[in-house]
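Q: Fold the following, please.
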Amino acid sequence: MRFKCRHGYKLYGERSTFCNGDSWSHKALPACVSSSCDETGRMVVPYGEARALLGGAVYKYRCNSGLQMDGPDTVFCEGENWNSSVPTCLVAPGPPQLDLPELVEEGEEMDISCTATDGNPLPKVSLSLDGTVLGSSSLSFTTNLVAADHHHDQEIVCEASSRAGVTRVSRLLHVLSAPLTASVSGPNILHHGKDYTYTCAVEGGRPAPEIRWKVVDSAGEERSEDGEALTVRLDEGLRWVDVECLAENRQGSASGKMRGHAHFLPQAVEVSSDLSASTPSSSLTFTCAALKAFPAPQLLWRAEIAGEKTIVLEEEGEMTTKTEEDGTVSSFATLKVEVGPDAHRVRAECRALVDQLGERRSQWRVVPIYPPLSSAKVEGLHEGAKLNQGDVIPLTCEIKFTHEAEFLTWMVDGEIQGEDYHPVREGDLLVSHYQFLPQPGQTQVECRPNGQKELSAKVSFAISEASEDAAKEKEDEVFWVPHQSDATDYVSEEDDEDEDMVELRMAEEEFSRAEMVEEVAAVGRQNTGFKVEEEIDSTFDVYGSDDGSDGGFNDGSNGYGKDHGYYGLKSASSSHHSFSPLAFPLLVLVSILLRGN
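A: Residues are numbered from 1 along each chain as shown. Modelled structure (predicted):
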């Protein structure tokens, strides 16, 4: 079979075909072509070549060696149009050009661009940051970015892609920044005389910061040096050394610090208690404070409860610690002690132990155990006593001393008489003294410990009303104490008074220079036992003879009988002449009274 074209067309391809039994002999049908199509650009084949056939009605193409062709290798004019476009010789894109600053400061605005450099067909370019596409375009793409610290070390990718392939170029963003942190690594427990090495680890910082060291010891000595590492030696007597590294660049700085400690005992160990004194069958809490040691010591308690038997407690305290500003450690522990009913003292001490260094002990903390507040007792006045108006009654109120005893209050008929009358401790007692001057109508005196009525002591009394005769007798019984001077010094030769009146007047004048003393009756009641020497005047022989007799006045008493209402005075030994200060005035007064009788 033969192929034939219409007029004006030319046959391109096989002109005939025949049947081979089950197929035709031609490989492709021939084409009827015309040279009437526009041939502009038909000969342009980048990375290849073209050849015109049949007067430009057919173009034949091929690519340079090693390149693949995208499209038919033969193109013909079908009369008005070409049956296909010019084929493409595929060339993979070359590495695109990525432009961005080498270093940027945080907050700085920068331009980033991606441009294709080669490839057929012309590639498309795109930019992405840390996997996120920023944009794309043909041949070239540019974008604007404000640098942030988190952009540092993120990847910028510039990609060129086409049918021929894909080519990428990437770079890391370098954002200048100050170092974020700096930390010191090295030992924190040191031994005197040994060398120790410390290093500084810096996070962040662009460009890489420089490292400087500062070392300060417990004595206040300071030194500095540069370098990646530092060597330190702790001299004898030093307790610690502070090691600090400073990482710095033009963007800023960061520092780290640590302390290396020598082991040492607490500066002080102190024991305190919740109470300064307590009572039997109670509880006490002691607190131990071991101040500024390193490391934290072990705290051991010893407590002694003294009573009928001494009970000893030894135990390790449950400890809490506090790190001080200087890096030392203060430790605290408590001990609870149950006080028995027979205890009279509790004391406790605390020991702080550090391995290989020994121990430091506190002083004993002593807490006395006193009995509870007891009832008061009043002495100096018995229940139902008869008192004379004007008599001063010395009273004493006492209670067993205890830390709970704060004051003793005197009351008369329910009215407070002052505050506490200066109670004093006398041995195991707390005592208050009160000079009580009873007044008409009063009936009861009372002493209250700490103002507690249930513990008070009360004494009732009555005040006697003296008759006129008794008052006169009382007045007669009062005697005066003159100075020891010659009575004649006070007598004028011109006085016509009798001798008795002269002596009485002398006694009255002497009163202006003498002191009044107790009444004779009171002297009798109190049995003061006054004595005077025998040799004063022969006048007094009537009161006692040399043989010890009573001169006819003896009725079993020391002088005048009790039925006379007063007591006489008996002479003492005649071996010496030292008088009681009241002896002479008494004798003078007695002499006056006798002469008056």
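
Q: So what touches stretch 69-76?
A: 12, 31, 33, 42, 48, 57-63, 82-90, 163 (CB atoms under 8 Å, 6 or more residues apart in numbering). For the C-beta atoms, the positions are set from N, CA and C on the backbone; glycine is no exception.

Q: how about the strands of the stretch 301-450 of the chain, start to end?
A: With DSSP state E, counting those that start in this stretch applied, the stretch 301-450 of the chain shows strands at 311-316, 318-323, 329-338, 345-354, 358-361, 365-368, 377-379, 385-388, 393-400, 408-412, 415-416, 424-426, 429-436, 444-449, listed in chain order.

Q: what's the closest of the ones you listed to Asp130?
A: Set against Asp130 and scored by CB to CB, these come closest in strand 318-323, at 43.1 Å.

Q: what pairs with that closest one, and is each one parallel or antiparallel?
A: According to DSSP bridges, strand 318-323 has the following sheet partners: strand 329-338 (antiparallel).

Q: thinking again about what came up before, hmm, which of the contacts of stretch 69-76 are the buried ones?
A: 12, 31, 33, 42, 48, 57-59, 61, 63, 82, 86-90 (16 or more other CB atoms under 10 Å).

Q: thinking again about what came up before, tabulate the strands of the stretch 301-450 of the chain (TSV), appending distance to Thr167.
A: Shown next, in TSV, are the strands of the stretch 301-450 of the chain (distance: least, CB to CB, whole Å):
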stretch	distance to Thr167
strand 311-316	76
strand 318-323	61
strand 329-338	65
strand 345-354	71
strand 358-361	77
strand 365-368	86
strand 377-379	116
strand 385-388	129
strand 393-400	108
strand 408-412	109
strand 415-416	111
strand 424-426	106
strand 429-436	107
strand 444-449	107
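
Q: For beta bridges, what are the partners of the residue positioned nearest the centre of the chain?
A: By CA atoms, centre = their mean, the chain has its centre lying nearest to Lys322, at 8.4 Å. Bridge pairing for Lys322 (DSSP bridges) gives the partners Ser330.

Q: and it, what does it touch?
A: Val329, Ser330, Ser331, Phe332.

Q: Distance-wise, check Ala306 relative to Val58.
A: Ala306 is 131 Å from Val58, where distance means CB to CB, to the nearest Å.

Q: for Glu315, same thing?
A: Where Val58 is concerned, Glu315 sits at a distance of 114 Å (CB to CB).

Q: How about Glu338?
A: 122 Å.

Q: and what of Cys447?
A: Per CB to CB, Cys447 is found 147 Å from Val58.

Q: Same question for Pro46.
A: Distance, Pro46 to Val58, using CB to CB: 21 Å.

Q: Kindly report the same for Glu325.
A: Distance, Glu325 to Val58, using CB to CB: 97 Å.

Q: Check Trp82 too.
A: Applying CB to CB, the value for Trp82 to Val58 is 10 Å.

Q: go on, Ala268?
A: 113 Å.

Q: what does Ser84 give?
A: Remark: distance between Ser84 and Val58 (CB to CB) = 12 Å.

Q: Likewise for Asp153?
A: Distance of Asp153 to Val58, computed by CB to CB: 59 Å.

Q: And the contacts of stretch 332-341?
A: With contact meaning CB under 8 Å, 6+ apart, stretch 332-341 is reached by 278-290, 299, 301, 303, 305, 307, 311, 313, 315, 317-322, 346, 348, 350, 369.

Q: Please report the number of neighbouring residues for Cys200.
A: Neighbourhood size, Cys200 [other CB atoms under 10 Å]: 25.

Q: Ok, Gln442 next?
A: For Gln442, the number of neighbouring residues by other CB under 10 Å comes to 17.

Q: repeat for Asp235
A: Residues lying near Asp235 (other CB under 10 Å) number 12.

Q: give the contact list for it.
A: By CB under 8 Å, 6+ apart, the contact list for Asp235 reads His192, Gly193, Asp217.

Q: Adding pLDDT and secondary structure as columns, could you present those residues in a markdown table?
A: A markdown table is the format used below for these (pLDDT from 0 to 100; DSSP: H, G, I helix; E, B strand; the rest coil):
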| residue | pLDDT | secondary structure |
| --- | --- | --- |
| His192 | 83 | coil |
| Gly193 | 85 | coil |
| Asp217 | 92 | strand |
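
Q: Buried ones among these?
A: By neighbour count, with 16+ other CB under 10 Å, the contacts of Asp235 hold Asp217 as buried.

Q: Would you mind checking which of the contacts of Asp235 is nearest to Gln356?
A: His192 (12.6 Å).

Q: so His150, which of the three states?
A: Three-state call for His150 (DSSP: H, G, I helix; E, B strand; the rest coil): helix.

Q: Let me know the pLDDT of it.
A: Looking at His150, its pLDDT reads 85.

Q: Could you check how many residues crowd around it?
A: Neighbour count for His150, taken as other CB under 10 Å: 11.

Q: Contact partners for it?
A: With CB under 8 Å, 6+ apart as the criterion, no residue contacts His150.

Q: ok, it to Leu180 distance?
A: Distance of His150 to Leu180, given as CB to CB: 12 Å.

Q: same deal with Ser464?
A: Taking CB to CB, one finds Ser464 at 102 Å from Leu180.

Q: And the protein, what are its domain boundaries?
A: Using automatic domain parsing, the domain parsing of the chain gives 10-90, 97-173, 176-261, 268-367, 377-464, 471-596.

Q: As CSV, those with distance to Arg2 would be great.
A: Listed next are these as CSV, based on distance: least, CB to CB, whole Å:
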stretch, distance to Arg2
domain 10-90, 4
domain 97-173, 41
domain 176-261, 82
domain 268-367, 110
domain 377-464, 144
domain 471-596, 182
